[in-house]
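**Q** Using only what follows, build the 3D model:
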Amino acid sequence: MNDMEQLLSKLPHLKHLELSATVHHDLIDGERLQKLTKQLTTFNPNFRTRSYWTSLTLDSFRTPFWLENKHWYVACTNGHFVSVPHFAEKEVDEDFKPPIYTTAPDTTLFYAAINQLKMSNSAVISTPHSSTLNSFSLQTSLQKIIDQSPIKHLIVSSRVTEFEIQCVLKGLPYLQQLSIEGSLRGFIEKIRHKSLEQIRILDIEDAFEDDDLIRDDLECIFPSIERLRVSSQCSTTKTLYFVERFKHLSSAEFHSFHDFTDENERQTWQANFRSVCRIVRQLQNYTFTFRFSKTAIHMWIGRQASQ
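**A** Residues are numbered from 1 along each chain as shown. Coordinates of the predicted model:
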């Protein structure tokens with residue numbers, strides 16, 4: 001606390017302070033922090049401490065200064081004392097629950113801060129002895145995220161059930177980025193005949209094998225993809241397939257290429273890739289810019305107007 005007092009005494013005109021530090025428990029004191037921060041317009045602490053939290057820990061932060069004058073809300077979670085919503089969790093999974101100890105008036109601030117949801121496990125509750133679709137529902141924690149959070153990025157495992165995927169996609173109007181973990185085929189089979197026109201960024205962990213049906217579905221399901229990332233082995237032919245099928249694609253990353261230890265072998269592979277791209281460029285009026293790393297290729301694609 002003394003160090004912080006000395007610091008702020010040298011900054012009399014400071015108006016905005018964001019402070020992350022490992023601190024002693026004596027710094028978690030609303031009265032002392034009020035004296036230090038009363039001249040500030042914004043104060044966003046993120047203090048790591050070994051203090052044991054109880055409902056009484058935050059009583060000194062429930063005064064009119066904190067709640068009414070400044071509207072500065074705090075929470076204790078995972079060994080941290082943080083301001084909310086500034087340091088509220090932005091990336092959560094299906095089991096997320098807001099902190100128990102907080103001065104926020106309700107949970108709205110926590111859910112409103114979430115912009116990324118990761119679904120790895122089943123979150124379905126079923127009615128015993130019934131197998132109809134109407135007998136299923138999502139567990140409460142996941143349903144609250146869907147209803148109250150402006151999710152822009154969904155990370156979903158192909159192991160998640162068709163019911164969950166359909167419900168979640170239907171309930172996320174702000175969704176722009178989709179990351180598919182596991183089998184692409186397994187995911188496609190669960191959303192076939194559905195068009196996700198709002199998705200602009202697509203991350204694929206497991207690129208499909210040569211499968212015409214999956215290829216056709218992919219193009220129909222994702223008609224608006226602008227940025228693509230593939231993190232599994234991807235041949236030159238498959239790479240260019242993505243470029244041809246995704247009509248709005250402007251940039252792409254293809255990872256996990258063969259790790260060339262021989263420089264001549266690597267240069268030969270790059271020359272072959274450029275040669276194929278030149279052919280495609282001539283046939284399709286594309287322009288390509290490349291950057292090769294050791295195990296990946298980064299592409300920027302332009303499409304020339306038809307003559």
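
**Q** pretty sure Leu19 belongs to a strand, no?
**A** Yes: Leu19 forms part of a strand when assessed by DSSP: H, G, I helix; E, B strand; the rest coil.

**Q** Grab the nearest non-local neighbour of it.
**A** Once flanking residues are discounted, Leu19 sits nearest to Pro45: 5.3 Å by CB to CB, 6 or more residues apart in numbering. C-beta: built from backbone N, CA, C; applies to glycine.

**Q** now Lys170: how far from Ile151?
**A** 12 Å (CB to CB, to the nearest Å).

**Q** got it, and Ala252?
**A** 24 Å.

**Q** cool, and Ile180?
**A** 16 Å.

**Q** returning to that earlier point: so how many other residues sit close to the residue nearest to Leu19?
**A** Pro45 is flanked by 23 other residues according to other CB atoms under 10 Å.

**Q** swap in Ala75?
**A** Neighbours of Ala75 (other CB under 10 Å): 25.

**Q** and the residue lying closest to it once chain neighbours are set aside, what is it in contact with?
**A** Leaving aside its sequence neighbours, Ala75 sits nearest to Thr102 (CB to CB, 6+ apart; 3.7 Å). The neighbours of Thr102, taking CB atoms under 8 Å, 6 or more residues apart in numbering as the test, are Leu58, Tyr73, Val74, Ala75, Cys76, Val84.

**Q** In TSV: those, plus secondary structure and distance to Lys247.
**A** Below are the contacts of Thr102 laid out as TSV (DSSP: H, G, I helix; E, B strand; the rest coil; distance: CB to CB, whole Å):
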residue	secondary structure	distance to Lys247
Leu58	coil	53
Tyr73	strand	46
Val74	strand	48
Ala75	strand	45
Cys76	strand	50
Val84	strand	42
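
**Q** got the contact list for stretch 14-27?
**A** Stretch 14-27 is contacted by residues 1, 4, 8, 32-33, 37, 39-51, 86 when judged by CB under 8 Å, 6+ apart.

**Q** cutoff 7 Å now
**A** 1, 4, 8, 40-49, 51 (CB atoms under 7 Å, 6 or more residues apart in numbering).

**Q** nearest residue to Gln148 other than its sequence neighbours?
**A** Tyr111 (3.7 Å).

**Q** so how far is Asp95 from the one you found?
**A** Using CB to CB, Tyr111 is found at 14 Å from Asp95.

**Q** A helix includes Arg185, no?
**A** Yes: counting by three-state DSSP, Arg185 is found in a helix.

**Q** What ranges does the stretch 151-300 of the chain have for its strands?
**A** Taking DSSP state E, counting those that start in this stretch as the criterion, the stretch 151-300 of the chain carries its strands at 153-157, 177-183, 201-206, 227-230, 251-254, 286-292, 297-303.

**Q** partners of the first one, with directions?
**A** Applying DSSP bridges to the sheet, strand 153-157 is found paired with strand 116-119 (parallel), strand 177-183 (parallel).

**Q** And stretch 221-238, what's buried?
**A** 221-222, 224-231, 234, 236, 238 (16 or more other CB atoms under 10 Å).

**Q** Only alpha carbons, please: show that stretch as CSV.
**A** Included here for stretch 221-238 are C-alpha records, laid out as CSV according to Å, rounded to 0.1, in the frame of the first residue of the first chain:
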residue,chain,number,x,y,z
ILE,A,221,-22.9,-23.7,-45.1
PHE,A,222,-20.2,-20.9,-45.1
PRO,A,223,-20.9,-18.6,-48.1
SER,A,224,-19.4,-15.5,-46.5
ILE,A,225,-16.0,-16.6,-45.2
GLU,A,226,-13.3,-13.8,-45.5
ARG,A,227,-10.6,-15.3,-43.3
LEU,A,228,-9.6,-19.0,-43.0
ARG,A,229,-7.2,-20.9,-40.8
VAL,A,230,-6.5,-24.6,-41.3
SER,A,231,-4.3,-26.2,-38.7
SER,A,232,-4.0,-29.8,-40.1
GLN,A,233,-2.0,-31.2,-43.0
CYS,A,234,-3.2,-29.5,-46.2
SER,A,235,-2.0,-30.3,-49.7
THR,A,236,-1.5,-27.6,-52.4
THR,A,237,-4.6,-28.9,-54.2
LYS,A,238,-6.7,-28.7,-51.0
